[in-house]
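> Got a predicted model here, sequence first, then my questions.
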Amino acid sequence: MSALLETSDLTIRFGGLTAVDSFNLAISEGELFGLIGPNGAGKTTVFNMLTGVYLPTEGAVHFDGNLINGKNPVQVARLGISRTFQNIRLFDELSVLENAMTGAHQHSKINLFDSLLRTPRHYREEKRQRDRAYELLEFMGLEDRAGLPAKQLPYGHRRKLEIARALATEPKLICLDEPAAGMNSGEKVELSQLIRKIRDELEITVLVIEHDMKLVMDICEKIQVLDYGKTIALGTPSEIQNDKQVIEAYLGGE
Amino acid sequence: MARMFGILIVAIAVTFGLNWLLDSFVDDYVVRIINLCGISIILAVSLNVINGLCGQFSLGHAGFMAIGAYVSAYFTTTLRYFDEAQAKYVAIEPVFAGQWGFVPALLAGGLAAAAAGAVVGIPTLRLKGDYLAIATLGFGEIVTIMITNFEKVGGANGLPGLPAYSNTFWIYSFVVLVVMLSWALQRSTFGRALIAIRENELAAEVMGIPASRLKVTAFIYGAFFAGVAGGLLGHLLQTISPATFNFMKSIEVVVMLVLGGLGSMTGAIVGAIVLTVLPEALRDVESSVGLPGIRMVVYALVLILLMIFRPQGVFGQKELSLKLLRRLMPGSKDKEGEA
């Protein structure tokens, strides 16, 4: 089975600091994969390298048969990787529906003049984007907030809208950066179900960074643990829970 | 599309009628101010696409105006200058003579400005915030300095003798065009993408929105209409000089936007009208008080007061719509009917 996403000896240094060191990751299509580790372990840095935001110092990222490193975020997005952000980055002045529609922009085949002159192609494209965005808002349970400006959404909904927007890009892989941060336990349960649905119903591979151990252990089939930029464990949730090194990293060793 | 053309044709017919009405019944001075308002609207609405929608702070609008004004004048005006090779004064007849040459000349001016917009935009739009403002400011200065040193078009003395082709009809036809196109742009997938870039560029790129390309597109769009506005202004003033298009002109347009509310087209239109009429209204005050330049003080005062009491501008990012109008005016049509 060949991997959908594969990194080999991925390393990034910021000046003298090696933030991520020889990182190897292999995710197969259809997997629900968790990346965990204590604060500052380099998890978000890995995401930034996967999505073209940072250029790795060494190593390679292969996705779906393409070499990713050296590509910019726009090119990576068009290859089929989408993501959310740890510190939510919505388009605050746009409505909830419009936020989701921006995700569908990259698949539009119309040019500027179609929109300026309001050709039939423009109306078809608007309808396509609106329909798709509505579907995804329904999927995430946000449809009754569609007309609201994004900045007026409560926190938990903002996280969900970011996922809906990322799904609108029709990705093959979605990277969720701490999707449960700041949610209450009820919202977390709902979120775990949604993440499973993304994989099961939309058939999108999911890579999730999360601090909430219960959620990660609950939904992920495979977990990789990062500490100080290095992988210290890889396995199923039960293997990780009993791994000595992992317990040390989280609780501190003798 | 048919609806768009319908509205455009009706609107142009209305401007034609307006032109006739103003010419026949209204004082020339008032007509001139109305025409200047129209040119300001074109400038403000086009800059709003760059500064307001896309959030790229450009101070180069006067530079694009200058290019548009001089290029269109080049096509409509007899150029007289001292030719050193022949050691005598020569006159070059215009390429497009007569009223019908005006529109091609304006479009040529707009296209030249748009081309300049592409040349300037591609490298500078990598800059952010203050740096972009400085770079575009520099561009405006370079344009005026180049014109100052270009003797064929009059150099520092300016270029006189532009035919008086600009009138209410032409100016407001372009007002209608820029307002309609900008409205269409704003309410399309491209408008949303531009706003996304303004709100959070990294998130926009990660969603696959080609930020650099769209920023350059917005810049070219704005530059085109700035060029057309420059051409219209030139053929209204009939004499243009590099000083007409100094950086104060760019600042003026930015002030219009900020006053009306950056990002709102209605705001841009209102700001343009207010800041065009205000100095004229203050002209009397200026002469009676005997303080030349007081209008600059008033500009500053208006801006300071606005920044204190309404930092988002008069309209914020809202647009004037029928819904908003109905809410603001309790005495709407329905109620009048009842009375």
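Thanks, I have it.
> Give me the residue at the spatial middle of chain A.
Centroid-nearest residue in chain A, with Cα atoms, centre = their mean: residue A:175, separated by 1.9 Å.
> For the helix or strand encompassing it, list every residue counted as buried.
The secondary structure element spanning residue A:175 is strand A:173-177 (assigned by DSSP states H and E). Across strand A:173-177, burial judged by 16 or more other Cβ atoms under 10 Å in any protein chain shown covers A:173, A:174, A:175, A:176, A:177. C-betas here are computed from N, CA, C, even on glycine.
> out of everything not next to it in sequence, what's closest to the third one?
Counting by Cβ to Cβ, 6 or more residues apart in numbering or on different chains, residue A:83 is the residue found nearest to residue A:175 once chain neighbours are left out, at 4.1 Å.
> and if you look at the fourth one?
Residue nearest to residue A:176 in three dimensions, not counting chain neighbours: residue A:208, with 4.5 Å by Cβ to Cβ, 6+ apart.
> do the last one as well
Spatially, and ignoring its direct neighbours in sequence, residue A:177 is nearest to residue A:86 (4.4 Å; Cβ to Cβ, 6+ apart).
> That neighbour reaches residue A:181, doesn't it?
Yes. With contact defined as Cβ atoms under 8 Å, residue A:86 reaches residue A:181; the gap is 6.9 Å.
> what's the distance between the strand or helix carrying residue B:283 and the middle of its chain?
Under the assignment given by DSSP H and E, the secondary-structure element containing residue B:283 is helix B:265-289. Relative to its chain's centre, helix B:265-289 lies at 16 Å (Cα atoms, centre = their mean, to the nearest Å).
> who's in contact with it?
Helix B:265-289 is contacted by residues B:33, B:36-37, B:40-41, B:43-45, B:47-48, B:52, B:179, B:182-183, B:186, B:252, B:255-261, B:292-295, B:298-299, B:302, B:313-316, B:318-320 when judged by Cβ atoms under 8 Å, 6 or more residues apart in numbering or on different chains.
> Report the angle between the helix or strand that that helix is followed by and helix B:265-289.
Read in the C-terminal direction, the helix or strand following helix B:265-289 is helix B:294-309, with elements assigned using DSSP H and E. Going by axes from the mean of the first three to the mean of the last three Cα atoms, to 10 degrees, helix B:294-309 is angled at 140 degrees with respect to helix B:265-289.
> Mind exporting the C-alpha coordinates of helix B:294-309 to PDB?
Written as PDB, here are the backbone C-alpha positions of helix B:294-309 (Å, rounded to 0.1, in the frame of the first residue of the first chain):
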ATOM      1  CA  ILE B 294      -7.200  77.000   5.000                       C
ATOM      2  CA  ARG B 295      -8.900  74.200   3.100                       C
ATOM      3  CA  MET B 296      -6.000  72.000   3.800                       C
ATOM      4  CA  VAL B 297      -6.500  72.800   7.500                       C
ATOM      5  CA  VAL B 298     -10.200  71.800   7.100                       C
ATOM      6  CA  TYR B 299      -9.200  68.600   5.400                       C
ATOM      7  CA  ALA B 300      -7.000  67.700   8.300                       C
ATOM      8  CA  LEU B 301      -9.700  68.800  10.800                       C
ATOM      9  CA  VAL B 302     -12.400  66.700   9.100                       C
ATOM     10  CA  LEU B 303     -10.100  63.700   9.100                       C
ATOM     11  CA  ILE B 304      -9.000  64.100  12.700                       C
ATOM     12  CA  LEU B 305     -12.600  64.500  13.900                       C
ATOM     13  CA  LEU B 306     -13.700  61.500  11.800                       C
ATOM     14  CA  MET B 307     -10.900  59.300  13.200                       C
ATOM     15  CA  ILE B 308     -12.000  60.200  16.700                       C
ATOM     16  CA  PHE B 309     -15.700  59.800  16.300                       C
END
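> Now do the helices in the stretch 151-254 of chain A.
For the stretch 151-254 of chain A, the helices defined by DSSP state H, counting those that start in this stretch cover A:155-167, A:185-200, A:213-219, A:237-241, A:244-251.
> Could you export the ones you listed as JSON lines, including mean neighbour count?
Shown next, in JSON lines, are the helices of the stretch 151-254 of chain A (neighbours: other Cβ atoms under 10 Å in any protein chain shown):
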{"stretch": "helix A:155-167", "mean neighbour count": "23"}
{"stretch": "helix A:185-200", "mean neighbour count": "16"}
{"stretch": "helix A:213-219", "mean neighbour count": "17"}
{"stretch": "helix A:237-241", "mean neighbour count": "15"}
{"stretch": "helix A:244-251", "mean neighbour count": "14"}
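> Just send those helices back as CSV, with distance to residue B:9 and mean pLDDT too.
Written out in CSV, the entries for those read as follows (distance: least, Cβ to Cβ, whole Å; pLDDT from 0 to 100):
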stretch, distance to residue B:9, mean pLDDT
helix A:155-167, 40, 94
helix A:185-200, 50, 93
helix A:213-219, 59, 90
helix A:237-241, 68, 90
helix A:244-251, 71, 82
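> what's the closest of the ones you listed to chain B?
Between chain B and the helices of the stretch 151-254 of chain A, the tightest spacing by Cβ to the nearest Cβ is seen for helix A:155-167, at 6.6 Å.
> Helix A:185-200 and the closest one, what's the angle between them?
Using the same axes, to 10 degrees: helix A:155-167 against helix A:185-200 is 10 degrees.
> how far away is the residue in the stretch 151-300 of chain B positioned nearest to chain A from residue B:214?
Of all residues in the stretch 151-300 of chain B, residue B:208 sits closest to chain A, with a separation of 3.1 Å (Cβ to the nearest Cβ). Remark: distance between residue B:208 and residue B:214 (Cβ to Cβ, to the nearest Å) = 12 Å.
> Please, where are all the strands along chain A?
The residue ranges that make up the strands of chain A, judged by DSSP state E, are A:5-14, A:17-27, A:32-36, A:58-63, A:66-67, A:81-83, A:173-177, A:205-209, A:222-227, A:230-235.
> What about residue 231, how many residues nearby?
Going with chain A. As a burial measure, the neighbour count of residue A:231 was computed by other Cβ atoms under 10 Å in any protein chain shown and equals 18.
> You answered for a different chain; I wanted chain B.
Using other Cβ under 10 Å as the criterion, residue B:231 is surrounded by 37 other residues.
> residue contacts, it?
Listed by Cβ under 8 Å, 6+ apart, the contact partners of residue B:231 are B:68, B:69, B:71, B:72, B:73, B:105, B:106, B:109, B:110.
> Chain A against chain B: which residues are in contact?
For chain A, the residues in contact with chain B under the definition Cβ under 8 Å from any Cβ of the partner chain are A:51, A:53, A:72-74, A:76-78, A:82-83, A:85, A:89-94, A:98, A:101-103, A:105-106, A:108, A:110, A:112, A:115-120, A:122, A:125-126, A:129, A:165-166, A:168-169.
> Filter those residues down to the buried ones, PyMOL style.
Listed next is the PyMOL selection for buried residues among those, using 16+ other Cβ under 10 Å:
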select buried, chain A and resi 51+53+73+74+76+77+82+83+85+89+90+91+92+93+94+98+101+102+103+105+106+108+110+112+115+116+118+119+122+125+126+129+165+166+168+169
